[in-house]
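Student: sequence and predicted structure, then a few things I'm wondering about:
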Amino acid sequence: MKKQYIVAILFLYAGSLLAGGPWPQKKGQVYLKLSEWWLVFDQHYTDQGLLDPNITTGLFNTTIYAEYGFTDRLTGIVYAPLLSRNYMNNLISATNQELLVPGEAINGLGDIDITAKYAISRSFPVSVSLTLGLPTGVPSAGSEGNLQTGDGEFNQLVQIDAGQGFQLSENIGAYFSALVGFNNRTRGFSDEFRYGLEAGMGLLNNRLWLIGRLNGVESFQNGETAATISSTSIFSNNSEFTSYGAEAAYYVTKRFGVSASFASAFRGRIIAAAPSYSVGLFYDMSK
Amino acid sequence: MKTTVILFFISIFFFSCIGDDFIDDRVDPILRITNPIDSIALDSTYQFQISFLNYVGKEEEVEAEWTSSDETIIQVDQMGLASAKSPGSAEITAEYTDLEGTLVTDSRTVGVGERTVKEQTKGKKGLVSTTSTYKLTGEFTLTSNDDGSIELAFFDDYEASTALPGLYVYLTNNPSTISGALEIQAVEVFEGAHTYTIENVELEQYGYVLYFCKPFNVKVGHGEIEDQ
């Protein structure tokens, strides 16, 4: 019996904040980031793209993100939500204060992504990457099976990134990048087309980076729905969104820094309608 | 700096605690005579029964005040026991004032004849429609079967969204929540005519058909059950 939910898609918001662009790490170099990402929502985009209320639901991921340069062209990337928490609020009668549906929570390991990124060209920043989404999280928990720290499916994302760095002025660096990807999903989930744009600007002698992002997911609508699977399943599929986001990363020392970001959706289908936030500490060996 | 970072991460854990969501689930209280009859045999008695649903649609034991419009034809005591005294008809009324001072009543016109005749069981009907932005529509009927079960039947015009996970159908007296509702089953048919057979339920017991996304506590729509 398949049990896959709305919240599975919410992890895409987290993934979209980790776009490393087309630039590989140099051989032996490391980029590490410890971050806390969270999303709390009490409404969602329906299949009509409109907003409906839902019980307040929270998702919190404490995540390690690491890049390592195996060669000057090949970079290995790990995204590991070491602690993932999913909760739903109590539902209480406003009329007589009676507890109608008790809230529940689950804590556990989230779904881990492992990526190999290969720089196609040394002269122009273009890379191709393969990400394996491992179903290491808990796909179903709670009295209704509606809590999860992962989506329970093994997916494979092939992605192409391209970009360019340049100087806006003598002291202001900048870059832009774009990505397109195909995400092959299993266990009845529809495959997805992913796209993204990113631009960044380095201020204060490149100690402070301000980054803007636009990301999206379009479903191929080739998976299952509630009408095509067994009657006892609770199943959500074909989620889509276009989101915007921003991040500020500040190098406190030459290599250590702090970052804060948010992302929110312009539009969506079967997805939470609330901004997600992230704060983190990073170590950048390339500096 | 270090302390600030640690405090920030700790504060996030507190932020992630389970909170409370409140839902407006008030409905008008209802008093129903649950075993109505058309007529009582002359010089016999009949015990009326009632059901009171409070302002959240839950059944409460109450003592109603019983009256007859014509005591020379039918007398009724304060326990709802009616006595047929002479031929004719009278209106039997049960009324109750709840703790908030709301008066609720139900009344039936009952004749006195040669024999006691139970009220012909009429079917019920209604129209389910969406109260969300998910698609849901369809006319339905609710009828009694000979084996004591009831049948909820939808017609060709029925249509429900397949996008929601865990869509369930209920019978309830409060269309805002599934608390106290009778869960019929998970929705398996999303288009066209189909029926549900429901055991151990009286035709008059519930006031609404409710569609609810159970795992995410999202109400999709409902239809009021009306007399045919």
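Tutor: That came through, no problem.

Student: correct me if wrong: residue A:168 contacts residue A:201.
Tutor: Yes. With contacts counted by CB atoms under 8 Å, residue A:168 reaches residue A:201, the gap being 6.7 Å. In short, each C-beta sits where N, CA and C put it, glycine included.

Student: ok now stretch A:47-66, how far from the chain's centre?
Tutor: 11 Å (CA atoms, centre = their mean, to the nearest Å).

Student: same question, stretch B:142-151
Tutor: Worked out by CA atoms, centre = their mean, stretch B:142-151 lies 16 Å from the chain centre.

Student: show the pLDDT at the nearest residue to residue B:48 once chain neighbours are set aside.
Tutor: Among residues not flanking residue B:48 along the chain, residue B:80 sits closest, at 4.0 Å (CB to CB, 6 or more residues apart in numbering or on different chains). According to the prediction, residue B:80 has pLDDT 95.

Student: same deal with residue A:3?
Tutor: 38.

Student: for residue B:170, same thing?
Tutor: Confidence score, pLDDT, at residue B:170: 97.

Student: so it bridges to which residues?
Tutor: residue B:183, residue B:210 (DSSP bridges).

Student: burial count for residue A:99?
Tutor: Applying other CB atoms under 10 Å in any protein chain shown, we find 12 residues neighbouring residue A:99.

Student: spit out the contact partners of it.
Tutor: A:90, A:91, A:92, A:93 (CB atoms under 8 Å, 6 or more residues apart in numbering or on different chains).

Student: top of these by neighbour count?
Tutor: Of all the contacts of residue A:99, the highest neighbour tally under other CB under 10 Å goes to residue A:91, namely 22 neighbours.

Student: so where is chain B shaky, pLDDT-wise?
Tutor: Along chain B, the model assigns pLDDT under 70 to residues B:1-15.

Student: swap in 80 and give it another go.
Tutor: B:1-16, B:119-122, B:164-165, B:215-216 (pLDDT under 80).

Student: name the residues contacting each of residue A:168 and residue A:201.
Tutor: residue A:174.

Student: what about the two, which has more around it?
Tutor: residue A:201 (16 against 11).

Student: quick check: the more buried one is in a strand.
Tutor: Yes. Looking at residue A:201 with DSSP: H, G, I helix; E, B strand; the rest coil, it is inside a strand.

Student: what sits against the closest residue to it other than its chain neighbours?
Tutor: Spatial nearest neighbour of residue A:201, excluding adjacent residues (CB to CB, 6+ apart): residue A:174 at 4.7 Å. Going by CB under 8 Å, 6+ apart, residue A:174 touches A:165, A:166, A:167, A:168, A:199, A:200, A:201, A:202.

Student: among those, which ones are buried?
Tutor: A:200, A:201, A:202 (16 or more other CB atoms under 10 Å in any protein chain shown).

Student: how far away is the nearest residue to the last one once chain neighbours are set aside from chain B?
Tutor: To tie it back to what came earlier, the one meant is residue A:202. In space, not counting the residues next to it along the chain, residue A:202 is nearest to residue A:173; the distance is 3.9 Å by CB to CB, 6+ apart. Distance of residue A:173 to chain B, computed by CB to the nearest CB, to the nearest Å: 25 Å.

Student: residue A:173: neighbour count?
Tutor: 17.

Student: same thing with residue B:41?
Tutor: Counted with other CB under 10 Å, residue B:41 comes out at 14.

Student: residue B:115 is in contact with that one, correct?
Tutor: Yes. With contact taken as CB under 8 Å, residue B:41 and residue B:115 are classed as touching, separated by 4.8 Å.

Student: for residue 118, give me its contacts.
Tutor: Assuming you mean chain A. Residue A:118 neighbours (CB under 8 Å, 6+ apart): A:24, A:73, A:74, A:75, A:127, A:128, A:129.

Student: oops, wrong one, chain B.
Tutor: Per CB under 8 Å, 6+ apart, neighbours of residue B:118: B:35, B:37, B:38.

Student: just the buried residues of those.
Tutor: The buried subset of the contacts of residue B:118 - by 16+ other CB under 10 Å - is B:35, B:37.

Student: in strands, which of the contacts of residue B:118 fall?
Tutor: B:37, B:38 (DSSP state E).

Student: next, format the contacts of residue B:118 as JSON lines and append distance to chain A.
Tutor: Formatted as JSON lines, the contacts of residue B:118 follow (distance: CB to the nearest CB, whole Å):
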{"residue": "B:35", "distance to chain A": "29"}
{"residue": "B:37", "distance to chain A": "35"}
{"residue": "B:38", "distance to chain A": "37"}
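
Student: what's the closest of the contacts of residue B:118 to residue A:186?
Tutor: residue B:35 (56.6 Å; CB to CB).

Student: now the nearest residue to the closest one once chain neighbours are set aside: how far from residue A:56?
Tutor: Leaving aside its sequence neighbours, residue B:35 sits nearest to residue B:49 (CB to CB, 6+ apart; 5.0 Å). From residue B:49 across to residue A:56, the span is 42 Å (CB to CB, to the nearest Å).
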